[in-house]
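In: my questions concern the predicted model and sequence given below.
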Amino acid sequence: MKLFIKYMVSSRCKLAVSNELKKLGLHFIVVDLGEVEIMEDIDDEKREILRQNLKEIGLELIDDKKAILIEKIKTMIIQTIHYSDEALKVNFSTYLSENLNHNYTYLANLFSEVQGSTIEQFVILHKIERIKELIIYGELTISEIAWKMNYSSVAHLSSQFKKVTGYSPSHYKQLKDKRRNPLENIGE
């Protein structure tokens, strides 16, 4: 049985969910970002307990098919931008429609309707947050970050970064108080 969980965006979230499942005596096959597969069916009482326990740790069990699809879109974007070292060989629209078996126009319209912003805006916000992280680490040059994040040029990265943050990447690097946003709050 598959369960879908909103705001599950990190390894810590996966660990927290695993612990909640164990507390309820549920055996899981996979605990992944936004999605859990358990071996047994879950009755209404255990489902409600799990729902409450997840809520207490800032996560949300979701049942609505459209909400699940939105969460899958977000999870795929987050996974690709924040946790994958391989650059996408295709654009996000192709990647999402192929992996979610839906026409991209449908996905984009649904996402905009529910989220109040576009998939493209969500992607950009996550890319900028990842760029902030890479700048803070200081291991890569801006050119290397641009290549890693699949930008056509440093100028394109810099322009988009400044539009979102108000700072150029080099100015951001010099700031003493570098602000980053939790992944679950980006695009909400």
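Out: Thanks, I have it.

In: and the residue of the chain most remote from its centre, how close does it get to residue 181?
Out: Distance to the chain centre peaks in the chain at residue 45, reaching 29.5 Å (criterion: CA atoms, centre = their mean). Distance, residue 45 to residue 181, by CB to CB, to the nearest Å: 37 Å. Where C-beta positions appear, they are placed from N, C-alpha and C, glycine not excepted.

In: likewise residue 36?
Out: From residue 36 across to residue 181, the span is 25 Å (CB to CB).

In: domain ranges for the protein, per the record?
Out: Domain segmentation of the chain under automatic domain parsing yields 2-63, 66-117, 122-185.

In: any regions of the protein where pLDDT drops low?
Out: For the chain, applying pLDDT under 70 flags no range at all.

In: tell me which stretches of it form strands.
Out: Along the chain, counting by DSSP state E, strands occupy 2-6, 28-32, 35-38, 60-62.

In: what packs against the third one?
Out: Translated: strand 35-38. strand 2-6, helix 11-23, strand 28-32 (3 or more CB pairs under 8 Å, 6 or more residues apart in numbering; DSSP states H and E).
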